[in-house]
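1. Requesting a structural model of the entry that follows:
(one chain, ligands or ions: 2)
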Amino acid sequence: MRTILVTGGCGFIGSNFIRHLLDTDSQVGVLNLDLLTYAGNPANLADLTGSVRYRFIQGDIANRDLVRQVMGKGVDAVVHFAAESHVDRSIHDSGPFLRTNVVGTQVLLDAAREHGVGRYVQVSTDEVYGSLGTVGFFTEDTPLAPNSPYATSKAAADLLVRSYVNTYKFPAIITRCSNNYGPYQFPEKMIPLFISKMLRDERVPVYGDGLQVRDWIHVRDHCAAIDCVLRNGRIGEVYNIGGRCERTNLDLTLTLLEILGKPRSLIQHVNDRPGHDRRYAIDCRKIERELGWRPDIDFNAGLADTVRWYADNSDWLASLRSREYLSYCEKQYGRLAG
Ligand code: NAD
Ligand code: TYD
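-> Ligands and ions are numbered 1, 2, ... in the order given. As a prediction, this is how the structure comes out:
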């Protein structure tokens, strides 16, 4: 049995990844280290309670003693998701982003190195490359030019990982993925926020002109890509992961309204995000060529399934809305998430 330490496994992508691992490989056991910040929700993995192949440890990746102790439990590989992940929050306060995303990564790297962990995957983002104009794509060789405090903290972590490979021959690989959608995403991010508001006939806040472009990928396609990288990726390499699916925020909003049968009058243009990146688009030919991975889930079908999932799981959404974070959001942003 191989033991994989997954950090941030109670968040959106981490929880989907743990389910993917346990469903696809009977020889794998998972240790999930998650602090349970506002974004971590143990209900995302409630179905795994009692599984002998799954163990949850609540704790901070920046806690050196704890991470050393966890790493000492015979960890074969690390897949590092834990992060502060929301750009708008990073604009209000970059402190937690630097602490978790940069210092947390350093602590994990040191402990993994100390314990001779055989493989380490750093789950990063296309946002480290900055913003594109109307043409072109991010390749793995695109220079890093992060624009938000969130993206900057992720880029700093990527560079630290790179330096550990170079300096210590540490067996790390970096993945950089575009925007994910799917079940269990915290409803402060655009797609679940808009769905939950539309379901309640509330207006949805489209930043600026809404013509910013994101390249969307279903979370299950992202998880399959990370699994490929974990198994067969080359040490020291960066792999871009994308859905080949560019949409403007406005187009995406119109599609969500159409799926839910709601009127266009629910669209409310609000002030733009400061420093808002205009366009992201990923060239993912390297992972396709080297590892044989491809995005598989059709965007329209995946989006319709996702809308259905949030509509069917209104209890999941409601439980988050009632949590403490709501007062936090209100204080920080003067509006309610979800
Ligand atoms: P998320 O915000 O849904 O989940 C983050 C998880 O990390 C939560 O469970 C939280 O409790 C945990 N966490 C936060 N700080 C911690 C700490 N100090 N110690 C331990 N656990 C902590 O994020 P997500 O959307 O699932 O993103 C996961 C990773 O994927 C992040 O590293 C993010 O940068 C990256 N990523 C996300 C996207 C996307 O579209 N969501 C795209 C590309 C890359
Ligand atoms: P988001 O889900 O926050 O992801 P990211 O900023 O990491 O790309 O936002 C996706 C896009 O949607 C981004 O261009 C910002 C925009 N957006 C809105 O227009 N309104 C909103 O309320 C939110 C949260 C995002």
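2. Right, and ligand 1 sits closest to which residue of this structure?
-> G11 (2.0 Å; Cβ to the nearest ligand atom). Bear in mind the C-beta positions are built from the backbone N, C-alpha and C, glycine included.
3. Next up, the contacts around that residue.
-> D34, A39, G40, N41, N44, F81, A82, S85, F186 (Cβ atoms under 8 Å, 6 or more residues apart in numbering).
4. make it 7 Å
-> By Cβ atoms under 7 Å, 6 or more residues apart in numbering, G11 lies in contact with A39, G40, F81.
5. Out of those residues, grab the one that's most surrounded.
-> F81 (25 neighbours; other Cβ atoms under 10 Å).
6. shouldn't that one be in contact with G14?
-> Yes: in terms of Cβ atoms under 7 Å, F81 counts as a neighbour of G14; the distance is 4.0 Å.
7. tell me, what's touching the two both at once?
-> In terms of Cβ under 7 Å, 6+ apart, F81 and G14 are both contacted by the residues V6, G8.
8. Find the nearest non-adjacent residue to R68, please.
-> A111 (4.8 Å; Cβ to Cβ, 6 or more residues apart in numbering).
9. burial measure for the one you found, as a count.
-> Neighbourhood size, A111 [other Cβ under 10 Å]: 23.
10. Tell me the secondary structure at G275.
-> When classified by DSSP: H, G, I helix; E, B strand; the rest coil, G275 comes out as coil.
11. residue contacts, the closest residue to it other than its chain neighbours?
-> On the basis of Cβ to Cβ, 6+ apart, the spatially nearest residue to G275 that is not a chain neighbour turns out to be N147, at 5.2 Å. Taking Cβ under 7 Å, 6+ apart, we find N147 in contact with G130, S131, G275, D277.
12. In three-state terms, label the second one for me.
-> Pointing back at S131 there. coil.
13. Touching, it and R279? I think so.
-> Yes: counting by Cβ under 7 Å, S131 sits close enough to R279 to count as a contact (6.3 Å).
14. Quick check, R278 in contact with S131.
-> Yes: applying Cβ under 7 Å as the test, R278 and S131 come out as touching, 5.0 Å apart.
15. Having no further points to raise, I will conclude here.
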